[in-house]
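Participant: please find the sequence and the predicted model below.
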Amino acid sequence: MKAKVAGALLTLIVLSGCASTAGNQSIKNETQQSIASKIVKGRTTEEDIQKQFGEPTRKTTVDTNEDMWFYSIMNSNMSAMSYIPIVGLLSNGTDMKSKALTVTFQGDKVANWTFGESNDSIHNGF
């Protein structure tokens with residue numbers, strides 16, 4: 001019994017190390033609806049966005065009076081099938097989830113924003 005529990009714990013530890021997340025954690029749990037409730041065009045300021053989402057992943061100046069802030073996050077998990085001997089060679093893969101928020105400012109107020117999410121699976125093998 002102890003050997004089974006130890007084996008299960010070892011399996012969980014190995015598999016938990018196969019996930020990686022990169023990017024801005026502040027948008028990890030956001031949805032289109034939650035962003036819409038937090039950002040109001042013409043009213044929300046750069047300071048409001050900074051307080052809500054932190055430092056952007058990237059900032060770009062588009063025009064004299066226009067800036068764009070980009071927030072993004074990507075999470076990838078290797079498929080459990082990748083770790084099964086023989087089967088892993090035939091059908092290994094990675095599941096990836098990403099989110100991106102782009103905020104355009106006119107002066108210090110939000111002029112526009114976009115939010116997108118994607119779920120992708122990459123499978124390879126013989």
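Facilitator: Yep, that arrived. Numbers count the residues shown, from 1 in each chain.
Participant: C-alpha coordinates for whichever strand or helix holds residue 50, PDB please?
Facilitator: Taking DSSP states H and E as the criterion, residue 50 maps to helix 46-53. The C-alpha coordinates for helix 46-53 follow below in PDB (Å, rounded to 0.1, in the frame of the first residue of the first chain):
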ATOM      1  CA  GLU A  46      -3.300  54.900 -17.700                       C
ATOM      2  CA  GLU A  47      -3.000  55.000 -13.900                       C
ATOM      3  CA  ASP A  48      -6.100  52.900 -13.500                       C
ATOM      4  CA  ILE A  49      -4.800  50.300 -16.000                       C
ATOM      5  CA  GLN A  50      -1.400  50.200 -14.200                       C
ATOM      6  CA  LYS A  51      -3.100  49.700 -10.800                       C
ATOM      7  CA  GLN A  52      -5.500  47.000 -12.200                       C
ATOM      8  CA  PHE A  53      -3.000  45.000 -14.400                       C
END
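Participant: which other residues reach that helix?
Facilitator: For helix 46-53, contacts defined as C-beta atoms under 8 Å, 6 or more residues apart in numbering pick out 24, 26-27, 38-39, 67, 69, 71, 101, 103, 105, 108-110. For the C-beta atoms, the positions are set from N, CA and C on the backbone; glycine is no exception.
Participant: which one is residue 65 nearest to, not counting chain neighbours?
Facilitator: residue 107 (5.7 Å; C-beta to C-beta, 6 or more residues apart in numbering).
Participant: quick one on the thing from earlier: helix 46-53 and the following helix or strand past the helix holding residue 50, what's the angle between them?
Facilitator: Counting by DSSP H and E, the element after helix 46-53 in chain order, helix or strand, is strand 58-63. Put simply, strand 58-63 runs at 160 degrees to helix 46-53, going by axes from the mean of the first three to the mean of the last three C-alpha atoms, to 10 degrees.
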